[in-house]
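S.K.: this is a predicted model, with the sequence first.
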Number of protein chains: 2
Amino acid sequence: MTRQQLFNQIQLKKSYLCIGLDTDINKIPKHLLGEEDPVFEFNKQIIDATKEYCVAYKPNIAFYESLGAVGWESLQKTIEYIPKDIFTIADAKRGDIGNTSKLYARAFFETMNFDSITVAPYMGEDSITPFLEFKNKWVILLAHTSNKGSKDFQLFHQNEKPLYQEVIEKSQQWASADELMFVVGATRADKIGEIRNLASDNFFLVPGVGAQGGDLREVSKLGMNNQCGLLVNSSRGVIYASDKENFAEKARNESQKLQQQMSEYLEMYL
Amino acid sequence: MTRQQLFNQIQLKKSYLCIGLDTDINKIPKHLLGEEDPVFEFNKQIIDATKEYCVAYKPNIAFYESLGAVGWESLQKTIEYIPKDIFTIADAKRGDIGNTSKLYARAFFETMNFDSITVAPYMGEDSITPFLEFKNKWVILLAHTSNKGSKDFQLFHQNEKPLYQEVIEKSQQWASADELMFVVGATRADKIGEIRNLASDNFFLVPGVGAQGGDLREVSKLGMNNQCGLLVNSSRGVIYASDKENFAEKARNESQKLQQQMSEYLEMYL
């Protein structure tokens, strides 16, 4: 998917919501456990219920991988089920030497047809560029994450400049805003404004609104650019809104609520 | 496996060789392609041929993941086939927020019974500690890698201290040398000596001898501690020593050659 196509979807749906498919076999409603593939059945119903309110889905690969080959099959079915006009993110945090990153790229862009993958920057340029060789596919590079440990190394600084800034600046020499997004945590909205100044055109994938406590309004106000430039993720708040038979309906309600707020912020800040 | 058990194996076999199972369906001998599971069949024959000369096997997870669910099954069979007295490394370069790292830990330590996993440090403490909750399982943290891009962020420095040093120092506050190893590239042997001073007791996983060009003697001289403290990896040089029917025999010869050198260096430097 191109940047323009993504922006078109955002305008059409008046939403920049990304729904995280952190599907945990231990958390899905009990009545699904009798299905042949409970994880896929859960995702299918969540997708059917929420697809008009979101512009992206982000399966967290760890949840599938923890189930071994079976989980991998559920993931494959899920990615095939997602409508083609919705952006897909493999939240995989991969990154290795060139010939290995190339294989990860093949796994997520060819074996499965994801639009994008999250990548960890520690190993540098040649761990990132193999993902860029695929047309209209995206690298979403970890910059400033939302977890407690983000301070441990991401704030390590050289002459006042923190590592995450170096990551943002250097990686923009390797890839354009048509193929590179950044993960920017929402736990401190002021950071988003600061990071917007470092990368005016790139989309940001923003986790941490909801369960991790970010403020959607502040994030939107400080982070938006003239193509929106934001994909704000909610996982648990949407997909686990209920653990009863009505889970999909409740997920629809939660995603609609977020979409309505986003519609308002697009009016205000775009 | 405990540190003492690993050292015992090193003494017993007079080897600190790790063999990287970077098994690429496009590179294995053609006569195996008729097998039901060619990747597993290749690994099985490599393991049978080399197990007396190495103390560790390191499947590179990308190679399996690129094949989807089928690859995952080959990996599962491979890890079950490796003799229990040989240390196993999931070369996965994972690392995510706490609840996600926990699931990766479950994938590699429970669903599959690996002894250790390589982890990328960018997300900090809570991305690493979930892996430490498993008894006698190991985190092998990326410190100074052997690829070209290692200079991009790993040498970013604060008051003369490079990031990789910060990673080594901080992570030792989170985990003891009984559960934490470091990835230290061998492309510059002098770095290994320097890093040994930062982490006297930890084992180092050293890629980059062979295809990536490190010098085994220098690495051994500068990197060894009183429990050897080194696992030196060779992947392509061993497993692709021949692409003919005699591939296993050739792999045996290559691994034996490395073991003989290591035996000598253990005599000299331990």
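M.R.: Nice, I can see it. Numbers count the residues shown, from 1 in each chain, chains lettered A, B, ... in the order given.

S.K.: mind listing what whichever residue of the stretch 151-270 of chain A sits closest to chain B touches?
M.R.: Nearest residue of the stretch 151-270 of chain A to chain B: A:Asp152, at 3.2 Å (C-beta to the nearest C-beta). (Glycine included, C-beta is placed from N, CA and C.) By C-beta atoms under 8 Å, 6 or more residues apart in numbering or on different chains, the contact set of A:Asp152 is B:121, B:124-125, B:170.

S.K.: let's see 7 Å
M.R.: By C-beta atoms under 7 Å, 6 or more residues apart in numbering or on different chains, the residues touching A:Asp152 are B:124-125, B:170.

S.K.: what about chain A: which of those residues touch it?
M.R.: Applying C-beta under 7 Å from any C-beta of the partner chain, the subset of those adjacent to chain A comprises B:124-125, B:170.

S.K.: from these, pick the one nearest chain A.
M.R.: Nearest member of the ones next to chain A among the contacts of A:Asp152 to chain A, counting by C-beta to the nearest C-beta, is B:Gly124, at 2.4 Å.

S.K.: among the ones next to chain A among the contacts of A:Asp152, which are in helices?
M.R.: Among these, the members falling in helices (DSSP state H) are B:125, B:170.

S.K.: Three-state assignment for A:Tyr57, please.
M.R.: strand (DSSP: H, G, I helix; E, B strand; the rest coil).

S.K.: surely it and A:Ile86 touch.
M.R.: Yes - under the criterion of C-beta atoms under 7 Å, A:Tyr57 makes contact with A:Ile86 at 6.1 Å.

S.K.: of these two, who's got more company?
M.R.: Between A:Tyr57 and A:Ile86, A:Tyr57 has the larger neighbour count (other C-beta atoms under 10 Å in any protein chain shown), namely 27 against 20.

S.K.: contacting residues around that one?
M.R.: So A:Tyr57 contacts A:19, A:21, A:47, A:82, A:86, A:88 (C-beta under 7 Å, 6+ apart).

S.K.: of those, buried ones?
M.R.: A:19, A:21, A:47, A:82, A:86, A:88 (16 or more other C-beta atoms under 10 Å in any protein chain shown).

S.K.: partner strands of the strand or helix carrying the first one, with direction?
M.R.: It stands for A:Ile19. Assessed by DSSP states H and E, A:Ile19 sits inside strand A:17-21. When pairs are called by DSSP bridges, strand A:17-21 turns out to pair with strand A:56-59 (parallel), strand A:230-234 (parallel).

S.K.: those strands in the stretch 151-270 of chain A, which residues are they?
M.R.: A:157-158, A:161-162, A:180-184, A:204-206, A:230-234 (DSSP state E, counting those that start in this stretch).

S.K.: tell me the SS of A:Leu141?
M.R.: Going by three-state DSSP: A:Leu141 is strand.

S.K.: next, count neighbours for A:Glu160.
M.R.: A:Glu160, neighbours per other C-beta under 10 Å, totals 6.

S.K.: also A:Gln173?
M.R.: Neighbours of A:Gln173 using other C-beta under 10 Å come to 7.

S.K.: how about the one 3 residues further on?
M.R.: A count of nearby residues for A:Ser176, using other C-beta under 10 Å, gives 11.

S.K.: check the offset of stretch A:29-38 from the chain's centre.
M.R.: 26 Å (C-alpha atoms, centre = their mean, to the nearest Å).

S.K.: ok, that stretch near chain B or not?
M.R.: No - judged by C-beta under 7 Å from any C-beta, stretch A:29-38 and chain B are separated, with a smallest distance of 11.9 Å.

S.K.: need the distance between the two termini of that stretch.
M.R.: 9 Å (C-alpha to C-alpha, to the nearest Å).

S.K.: spit out the contact partners of A:Lys137.
M.R.: By C-beta under 7 Å, 6+ apart, the neighbours of A:Lys137 are A:109, A:115-116, A:131.

S.K.: let's have those in CSV, adding neighbour count.
M.R.: As requested, the contacts of A:Lys137 are exported to CSV (neighbours: other C-beta atoms under 10 Å in any protein chain shown):
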residue, neighbour count
A:Phe109, 21
A:Asp115, 25
A:Ser116, 30
A:Phe131, 26
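
S.K.: just the ones of those in strands?
M.R.: A:Ser116 (DSSP state E).

S.K.: could the contacts of A:Lys137 go into JSON lines alongside distance to B:Glu249 and pLDDT?
M.R.: JSON lines is the format used below for these (distance: C-beta to C-beta, whole Å; pLDDT from 0 to 100):
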{"residue": "A:Phe109", "distance to B:Glu249": "37", "pLDDT": "97"}
{"residue": "A:Asp115", "distance to B:Glu249": "45", "pLDDT": "98"}
{"residue": "A:Ser116", "distance to B:Glu249": "44", "pLDDT": "98"}
{"residue": "A:Phe131", "distance to B:Glu249": "38", "pLDDT": "98"}
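
S.K.: redo the contacts of A:Lys137 as TSV? Include distance to B:Lys137.
M.R.: Below are those laid out as TSV (distance: C-beta to C-beta, whole Å):
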residue	distance to B:Lys137
A:Phe109	31
A:Asp115	34
A:Ser116	31
A:Phe131	29
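
S.K.: sorry, back to before: give me the buried entries from the ones next to chain A among the contacts of A:Asp152.
M.R.: Looking at those with 16+ other C-beta under 10 Å, the buried ones turn out to be B:124-125, B:170.

S.K.: how about a markdown table for the residues you listed, with pLDDT added?
M.R.: Below are those laid out as a markdown table (pLDDT from 0 to 100):
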| residue | pLDDT |
| --- | --- |
| B:Gly124 | 98 |
| B:Glu125 | 98 |
| B:Lys170 | 98 |
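
S.K.: any figure for the gap between A:Ala92 and chain B?
M.R.: Per C-beta to the nearest C-beta, to the nearest Å, A:Ala92 is found 9 Å from chain B.

S.K.: count the neighbours of that residue for me.
M.R.: Count around A:Ala92 with other C-beta under 10 Å applied: 24.

S.K.: please consider this matter closed, and thank you.
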